[in-house]
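In: Sharing a model prediction with you, sequence too.
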Amino acid sequence: MPAQLLSTSEGQTLVLTLSNPELRNAIEPTMYWAGIEALNVAERSPDVRSVVITGAGGMFCSGGNLQRLQANRQQPAEVQAQSIEGLHQWIETIRTFPKPVIAAVEGAAAGAGFSLALACDMVVAARNAVFLMAYSNVALSPDGGASWSLAHALPRTLATELLMLGEKMPAERLHALGLVNRLSNPGDALNTALQLAERLNQRAPNALASIKELLGEAPHQPLSTHLNSERDHFVRNLHHPNAGEGIAAFLEKRSPRYE
C-alpha cells in the first residue's frame, strides 16, 4: 500500500492518521502536502475545532524513509533540500495553525516522527511508547524543527543527550520532563487524545487561537513587546461575542455555548 495520510472526523476533531504499513508509517512528501492541505481546509471550517495526529497499526512514525534517503544521495543536493522544505512547511503549518493540535503516540516516534510530535501543541503517549531522535544513529543531523523544539523545551544538556546519543526514551521519562502531557494505557492513546480534544472543543476558539499565537511569539519578543501583544489579544477577545457568553455563563452558573 502507498504511503498516505488518512483523514477522518470525530465530532469536532479532525483525525489525521499516518499510514505507511510497509515502513512503519515512515513519512514521505505526499504525506507532507496532504497534511498541509488538510490543515488549510480545517482552518477555514467552523466544524473543526481541534486536530489529532496519530499513526496506523499501533505505530506513530518511524521517521524518514531510509531507502528514499539513500537513493537521494545519488541525486543533486537540491532534491533532498526540496523534500525537507516540504516537511518544514508542514511543521510550520502545524505550529501556526490557530486550533489545538494533539499528537497521539503508540509504539515509536522516531526521527522526523519525533519532530512531528514535538510540533504539536500537546502530546498524548501510551506508557509503553518510545521516542528517539534517530538521526545521529545514521550519521545525520536533525530536521523537522527537532533541534529548535528541544532547545526551547529542555535544558541544553538534555537536548544534547537526546540528539547526540540517539537513544530510546520511554514515554514516562518524557512525561516527567514535560514533553508529554498525558500518559495512557497501551492502545488507548488515540482515545485519550480525543477526550482531551473534546475538552478543548468546549472552549472559545478565538481565545485558544490567541493563546497559541502568544506562546509562539513569546520566545522571540522582549517583555515590553509581548505585554503589548497580550493587551491587544485581551481587548480583542473581550469584545468578541464569546467573552459575553463566557462571562454571562460563569455569573449564571451554567455551561457556556461558544461559537
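Out: Looks like it arrived, so ask away.
In: contacts and neighbour counts: CA atoms only from here.
Out: Fine.
In: Show me where this protein has its strands.
Out: 4-10, 13-19, 50-55, 101-105, 108-110, 122-126, 130-132, 169-170, 182-184 (DSSP state E).
In: now those as JSON lines including mean pLDDT, distance to N228 and mean neighbour count?
Out: As requested, these are exported to JSON lines (pLDDT from 0 to 100; distance: least, Cα to Cα, whole Å; neighbours: other Cα atoms under 10 Å):
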{"stretch": "strand 4-10", "mean pLDDT": "98", "distance to N228": "37", "mean neighbour count": "17"}
{"stretch": "strand 13-19", "mean pLDDT": "98", "distance to N228": "32", "mean neighbour count": "24"}
{"stretch": "strand 50-55", "mean pLDDT": "98", "distance to N228": "27", "mean neighbour count": "27"}
{"stretch": "strand 101-105", "mean pLDDT": "98", "distance to N228": "26", "mean neighbour count": "29"}
{"stretch": "strand 108-110", "mean pLDDT": "98", "distance to N228": "38", "mean neighbour count": "28"}
{"stretch": "strand 122-126", "mean pLDDT": "98", "distance to N228": "26", "mean neighbour count": "27"}
{"stretch": "strand 130-132", "mean pLDDT": "98", "distance to N228": "38", "mean neighbour count": "25"}
{"stretch": "strand 169-170", "mean pLDDT": "98", "distance to N228": "39", "mean neighbour count": "16"}
{"stretch": "strand 182-184", "mean pLDDT": "98", "distance to N228": "33", "mean neighbour count": "21"}
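In: Nearest to K212, out of the ones you listed?
Out: K212 lies closest to strand 101-105 among the strands of the chain, at 10.2 Å (Cα to Cα).
In: who does that closest one touch, helix- and strand-wise?
Out: On a contact count with 3 or more Cα pairs under 8 Å, 6 or more residues apart in numbering; DSSP states H and E, strand 101-105 meets strand 50-55, strand 122-126, helix 189-201.
In: What is the neighbour count of the closest residue to S210 other than its chain neighbours?
Out: Nearest residue to S210 in three dimensions, chain neighbours excluded: H233, at 6.3 Å (Cα to Cα, 6 or more residues apart in numbering). Burial measure for H233: 18 neighbouring residues, criterion other Cα atoms under 10 Å.
In: ok, H233 touching L208?
Out: No: look at H233 against L208 with Cα atoms under 8 Å: they stay out of range, at 10.9 Å.
In: got the strands of the chain as CSV, with distance to E252 columns?
Out: Formatted as CSV, the entries for the strands of the chain read as follows, by distance: least, Cα to Cα, whole Å:
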stretch, distance to E252
strand 4-10, 30
strand 13-19, 29
strand 50-55, 27
strand 101-105, 31
strand 108-110, 45
strand 122-126, 32
strand 130-132, 46
strand 169-170, 45
strand 182-184, 32
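In: Please identify which of the ones you listed is closest to I94.
Out: strand 101-105 (7.2 Å).
In: Local confidence estimate at the most centrally placed residue in the chain?
Out: The residue lying closest to the centre of the chain (Cα atoms, centre = their mean) is C120, at 1.7 Å. As predicted, C120 sits at a pLDDT of 98.
In: Great, nothing more from me.
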